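Asks: I'd like to go over a predicted model; first the sequence, then the structure.
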Amino acid sequence: MPESFFLLTKDHLDIAIDEIVSLAKMYDRFSKITIIDNLVIVQAKTSWEKISRRATFVKISGKVMRKMSGLFLDEENFLLLKNTNTFACRIINLSSDPDDVNEIEKAMGNMISKFSQAKVSLEDPEITVYAIFTDKENFFGISKKNTQSITPKKIKKHPHELDRRLTRAMINLIGIETGKTVCDPFCGTGTTLLEAESMGIRAIGIDFDEKMYQASKANLAINGYQSRLIKGDFSQLAKIIGDVDGIVTDIPYGRASKTSENPEDLLGRFVSMLPQKKKIAIMCKKEVGDRAKINPIKKYEIYRHKSLTRIILIK
């Protein structure tokens, strides 16, 4: 079965790892996962490009080759190499032993040059071949450029809006598939809607504040997105719940909210109306979430500053 590798940034590493695992299992429930520090190796039918385009915190990704000869003996890899004009070789060393990187890169480059007409390009190569070293195992990898996800444009913002990377990760953590529908009952400037549509997921946003409603509308329009917007409070969710596959939202707090309701009471009322069989990802203040009767299957802490820690609850 094909293997893929994903080298993750160390920002929110627990979320980054679980996001890759969730996506891999969403596409292929029989996929096998190996985690080595910030490196995730996935054995699955799904291509690395498909996972990488949706994932949030991937720094480098590609197809695993257990031997360098796989570059020339595997038909798919060989055709890729044969039809490329430029390449580069890189070392990813996650082991505790230092390596002579320059010599290894040079040897890899010489070998590839003998079997192809491709030229070395360190700035913008069409393909990159990696030698990956860890304390557990060593292997090679190959990747093509242009596998990055689309970043939606945003012309209307708010200082307390959802972080787009965490929003995207929340959608992926609950495994919302392409073509399904996610709802944000406190949509604000529309971050959840934008990230969902950029991944081919339908979205519905609800917000009672006219300014936020118009901000979402403008942000969707600039991207040509078609998410449905409802002006009203979160109780409107009850009317559309049958059309929704998952819920991703950030519970308003302090200056981020124009409601006079206590955030804990707001979350309590919101949780009480959530359906049992829907996929749910909620961000809220830690002290509020800790007291909420949610019983999450996963919980992640997001440190903001000494007086504010937010949490993501996955259910």
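Replies: Looks like it came in fine.
Asks: Okay, helices next: where are they in the stretch 151-300 of the chain?
Replies: For the stretch 151-300 of the chain, the helices defined by DSSP state H, counting those that start in this stretch occupy 164-173, 191-198, 210-223, 237-240, 263-272, 286-291.
Asks: buried stuff in the third one?
Replies: Counting neighbours by 16 or more other C-beta atoms under 10 Å, one finds that the buried residues in helix 210-223 are 212-213, 215-217, 219-220, 223. For the C-beta atoms, the positions are set from N, CA and C on the backbone; glycine is no exception.
Asks: Please compute how far that helix lies from its chain's middle.
Replies: Put simply, helix 210-223 sits 23 Å off its chain's centre (C-alpha atoms, centre = their mean, to the nearest Å).
Asks: Which elements pack onto that helix?
Replies: Applying 3 or more C-beta pairs under 8 Å, 6 or more residues apart in numbering; DSSP states H and E, we find helix 210-223 packed against helix 191-198, strand 202-207, strand 228-231.
Asks: Quick check: buried residues in the last one?
Replies: Within strand 228-231, the residues that qualify as buried by neighbour count (16+ other C-beta under 10 Å) are 229-231.
Asks: still on that earlier bit, tell me the most buried of the helices and strands packed on helix 210-223?
Replies: Looking across those with neighbours counted as mean count of other C-beta atoms under 10 Å, the highest average goes to helix 191-198: a mean of 27.
Asks: circling back: want to throw the buried residues of strand 228-231 into CSV with pLDDT and distance to residue 39?
Replies: As requested, those are exported to CSV (pLDDT from 0 to 100; distance: C-beta to C-beta, whole Å):
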residue, pLDDT, distance to residue 39
229, 97, 40
230, 97, 42
231, 96, 45
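Asks: Pick the one among those closest to residue 42.
Replies: residue 229 (36.2 Å; C-beta to C-beta).
Asks: quick one: contacts for the residue lying closest to the closest one once chain neighbours are set aside?
Replies: Nearest residue to residue 229 in three dimensions, chain neighbours excluded: residue 205, at 5.1 Å (C-beta to C-beta, 6 or more residues apart in numbering). Contacts for residue 205 were tallied using C-beta atoms under 8 Å, 6 or more residues apart in numbering; they are 183-184, 187, 190, 192-193, 216, 227-230.
Asks: Quick one: end-to-end distance for stretch 22-38.
Replies: 16 Å (C-alpha to C-alpha, to the nearest Å).
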